[in-house]
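**Student:** structure of the sequence below:
(one chain, ligands or ions: 2)
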Amino acid sequence: MTMTQAASEFLVQKHPAITRLTCELFISDVHFPDHDPEAWELTCQVAEFLQPEIIFHGGDIYDFYQFSRFEQDPRRQTTLHKEISAANQALRGLWKLTPRSQLFYKPGNHEAGRWEKYLWKVMPELMDHPMIAFRKLLELENDPITFVPNTHLYKIGDLYHAHGDEFPAAKSNPARDIFKSLQGNVIFGHWHTISLYYHRVRAKNRQYGAFGNGCLSNLNPEYTRFPQWQQGVSKVLYTTEGLFHVDQIPYFRTKKGKLGCIVDGELFTV
Ligand SMILES: [Fe+2]
Ligand SMILES: [Fe+2]
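**Tutor:** Ligands and ions are numbered 1, 2, ... in the order given. Okay, the predicted model is just below:
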């Protein structure tokens, strides 16, 4: 793994070269404990079926409600430790189903962002080592998971991995707006909407893609009413040249009211 200063303003952490056809499952915006338990269970089924070489957690896996700048519901009696423990139990349950998977985690604005702002306010002297403190805070110091600093994009093959808040706020189609800002292939979460944009640069005769990943969170959170969000995950296949193919996997309700999705021609339901 190498750290480089990209030609652009972004810091980039690069994945080692891909040596054989490799499958990745990209998961973002679970927002434990404000997640949708059915969507999480469906994701576990998909992961077990795919047995991906890579699981990339693209941020907002935890909600960090305790650090929320929004007003908090006094009826919600919990502690950060309890929230983190329950989330980690769910995460470890998923990882157990896919023992071959290399695990990555790039925090989003709900984790690093909220934690950082909290530190600014109450413990600014710890700011020198935020990632170390952060991993400990998440009680993941003994888990085989690679942290990607939230200041970096992670690049596997030709595909940048972002949370989504690294770019100016998207106005209509997040995939198009983020592509316009980055001018490169990118997969991201944050916007809780499944979005897609392809762009061919004629001078290079090259085609680029931007892929907005769905969320796995509760679709009616207390801080916003009936948002236009969609649930889902993404499957990425990489060739040894670093080329890739993204399958966005939207979750839907069956006519019997079950949550479902189709992956590689197979129907999964919860
Ligand atoms: Fe999110
Ligand atoms: Fe986010």
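
**Student:** would you mind listing what in the protein touches ligand 2?
**Tutor:** Contact residues, the chain versus ligand 2 (C-beta under 5 Å from the ion): 60, 108-109, 190. Where C-beta positions appear, they are placed from N, C-alpha and C, glycine not excepted.

**Student:** I'd like the residues you listed laid out as a markdown table, including pLDDT, neighbour count and secondary structure.
**Tutor:** Putting the residues of the chain next to ligand 2 into a markdown table (pLDDT from 0 to 100; neighbours: other C-beta atoms under 10 Å; DSSP: H, G, I helix; E, B strand; the rest coil) gives the following:
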| residue | pLDDT | neighbour count | secondary structure |
| --- | --- | --- | --- |
| Asp60 | 95 | 27 | coil |
| Gly108 | 95 | 28 | coil |
| Asn109 | 92 | 18 | helix |
| His190 | 97 | 25 | coil |
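
**Student:** want to try a markdown table for those, with distance to Phe226 as columns?
**Tutor:** Formatted as a markdown table, these follow (distance: C-beta to C-beta, whole Å):
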| residue | distance to Phe226 |
| --- | --- |
| Asp60 | 19 |
| Gly108 | 22 |
| Asn109 | 22 |
| His190 | 19 |
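
**Student:** need the strands for the stretch 1-150 of the chain, in chain order.
**Tutor:** 2-5, 11-14, 22-27, 54-57, 102-105, 145-147 (DSSP state E, counting those that start in this stretch).

**Student:** actually the stretch 151-270 of the chain, not the one I typed
**Tutor:** Going by DSSP E, counting those that start in this stretch, the stretch 151-270 of the chain shows strands at 152-156, 159-161, 186-188, 195-201, 206-212, 232-238, 244-250, 252-253, 259-263, 266-269.

**Student:** partners of the last one in the sheet?
**Tutor:** Put plainly, it is strand 266-269. Applying DSSP bridges, strand 266-269 is found paired with strand 259-263 (antiparallel).
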